[in-house]
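Enquirer: Please find the sequence and the predicted model below.
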Amino acid sequence: MISIQTIKRVKSLQQKKFREEEHCFVAETPKIVEEILNSNTYSVETVYGLKSWIDANWKRFARHTLEEVSPKELERISGLQTPNQVLAVVKKAETSIDIETIFSDTCLMLDDIRDPGNLGTILRISDWFGIKHVVCSNESVEYTNPKCIQASMGSFLRVSVHYGDLARFLLDKKTDIPIYGTFMEGENIYQTELNPKACIIIGNEAHGISKSLESLITKKIHIPSFSNEPKHAESLNVSIATAILCSELKRR
């Protein structure tokens, strides 16, 4: 049985304020928790699991602190609508930023992405297409948001996420790498020449790429619609657009 104090503390990590104070975040479901436990990237503070999960996994993860909880207790500390079998409290990793390493290959820059589900999905897309670095503006949602961790399906373990002033990153880089950004007036991505080794800037869900970054972009690109209907979708979800851009870039 876990204490009321522990329940309150774990539950509080659903909020950004307490994640920053504690330097910890929460991860749930067997797939994600087991990937974290098998990685060397993050230090796990405590794993709270149902008896069935503990019995099946304690030998593999005996070096970690495993604490058995009842279904009711797991429900109280979980952020999921339908709690799964296991939850882990994970310590945030300290990451260093080397600008030239980030720009040495294809990378993504996220300008004010606010939705944690979108960010998590973009990390999953980056993982799929072999993109190792994602740079987020300081205004973007934190990748340790539980909804982001969930949406990434463990990809945050394999993609380095950095935060900072995007304009400063671009101005400080020495690597000669093209900077692409999506705009309605941009060139058709299927008809223009693209360098597969590039930096792609992804804009805010509602407002697109900010004016401060627009002047730093070397080529404006656009994903055309193929609908023949006079009225069709006005735009693509930001994570879907990212997947299309990454696919087209890597295809080259």
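Expert: Okay, I see it.
Enquirer: can you map out the helices along this structure?
Expert: Assigned by DSSP state H, the helices in the chain fall at 4-12, 16-22, 30-38, 51-57, 71-77, 99-102, 116-128, 146-152, 166-172, 211-214, 238-251.
Enquirer: who wins for proximity to residue 178 among those?
Expert: Between residue 178 and the helices of the chain, the shortest gap by C-beta to C-beta is with helix 238-251, which sits at 10.3 Å. The way it works is simple: take the backbone N, C-alpha and C, and place the C-beta from them, glycine included.
Enquirer: how far out from the middle of the chain is that closest one?
Expert: Centroid separation between helix 238-251 and its chain, computed with C-alpha atoms, centre = their mean, to the nearest Å, is 15 Å.
Enquirer: before we move on, back to that, would you single out the least confident of the helices of the chain?
Expert: Comparing mean pLDDT across the helices of the chain, the weakest is helix 99-102, with a mean of 90.
Enquirer: Surely residue 84 touches residue 32?
Expert: No. Counting by C-beta atoms under 8 Å, residue 84 sits too far from residue 32 to count as a contact (9.4 Å).
Enquirer: quick one: which of these two has more around it?
Expert: Shown here are residue 84 and residue 32; by other C-beta atoms under 10 Å, residue 32 has more neighbours (23 against 17).
Enquirer: Tell me the pLDDT of the residue lying closest to that one once chain neighbours are set aside.
Expert: Closest residue in space to residue 32, ignoring its immediate chain neighbours: residue 154 at 5.1 Å, by C-beta to C-beta, 6 or more residues apart in numbering. With respect to pLDDT, residue 154 has a value of 95.
Enquirer: Report the contact partners of residue 154.
Expert: Listed by C-beta atoms under 8 Å, 6 or more residues apart in numbering, the contact set of residue 154 reads 31-32, 35-36.
Enquirer: Neighbour-wise, which one of the residues you listed leads?
Expert: Counting by other C-beta under 10 Å, residue 32 has the largest number of neighbours within these, with 23 neighbours.
Enquirer: and the nearest residue to residue 14 once chain neighbours are set aside, what is it in contact with?
Expert: In space, and not counting its chain neighbours, residue 14 is closest to residue 79: 4.8 Å by C-beta to C-beta, 6+ apart. Neighbour list for residue 79: 14, 26, 28, 146-147 [criterion: C-beta under 8 Å, 6+ apart].
Enquirer: could you dump those residues to CSV with distance to residue 234?
Expert: Listed next are the contacts of residue 79 as CSV, based on distance: C-beta to C-beta, whole Å:
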residue, distance to residue 234
14, 33
26, 35
28, 35
146, 30
147, 25
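Enquirer: could those be laid out in a markdown table, adding neighbour count and distance to residue 236?
Expert: Formatted as a markdown table, those follow (neighbours: other C-beta atoms under 10 Å; distance: C-beta to C-beta, whole Å):
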| residue | neighbour count | distance to residue 236 |
| --- | --- | --- |
| 14 | 16 | 29 |
| 26 | 24 | 30 |
| 28 | 22 | 29 |
| 146 | 21 | 26 |
| 147 | 17 | 20 |
